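K.L.:
Here's my sequence, what's the structure:
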Amino acid sequence: MSSHIEQLILRTHDERETIWNNSSINLDSENQQIYRTIKIGYAMNCNGEIIRDHNTYKQIKYILEKYNIKPDELKEIEEKTEHVVQLKLQEAKYQKLINSIKSNYYTN
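P.N.:
I've put the predicted structure just below:
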């Protein structure tokens, strides 16, 4: 496994799948798209401090390129209470990402 981000993605899938929020969009009555969204980063601590790791975006982008997955959304969010990278994937892309990471993890 190449990075702590891959480990985090896999762990959130295996242990706490609810971290990946589900949403759906009805394109028409027969075509419904399901998406998974996750935020990876830091929230403000009790001292009012936020860790800002600007490498997280690059690491996630690298992982997606490594497994040939085009994100539906990948953006860095800088707010008063958090600094995160939000990743949104269509359900099929999410499953491909998880399966690719697992395959890489279990073969190495």
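K.L.:
Which parts of this protein are strands?
P.N.:
Secondary structure of the chain (DSSP state E): strands at 21-26, 32-43, 73-78, 82-90.
K.L.:
mind checking which of those is nearest residue 4?
P.N.:
strand 32-43 (10.1 Å; C-beta to C-beta). Every residue, glycine included, has its C-beta placed from N, CA and C.
K.L.:
who does the closest one touch, helix- and strand-wise?
P.N.:
Counting contacts by 3 or more C-beta pairs under 8 Å, 6 or more residues apart in numbering; DSSP states H and E, strand 32-43 packs against helix 4-14, strand 21-26, helix 55-66, strand 73-78, strand 82-90, helix 91-107.
K.L.:
give me that answer again for 6 Å
P.N.:
Packing partners of strand 32-43 (3 or more C-beta pairs under 6 Å, 6 or more residues apart in numbering; DSSP states H and E): strand 21-26, strand 82-90.
K.L.:
Now render the strands of the chain as CSV, adding mean pLDDT, distance to residue 5 and mean neighbour count.
P.N.:
Shown next, in CSV, are those (pLDDT from 0 to 100; distance: least, C-beta to C-beta, whole Å; neighbours: other C-beta atoms under 10 Å):
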stretch, mean pLDDT, distance to residue 5, mean neighbour count
strand 21-26, 59, 18, 10
strand 32-43, 85, 7, 16
strand 73-78, 94, 12, 12
strand 82-90, 91, 9, 20
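K.L.:
Adding distance to residue 3, write those strands out as a markdown table.
P.N.:
Putting those into a markdown table (distance: least, C-beta to C-beta, whole Å) gives the following:
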| stretch | distance to residue 3 |
| --- | --- |
| strand 21-26 | 22 |
| strand 32-43 | 11 |
| strand 73-78 | 16 |
| strand 82-90 | 13 |
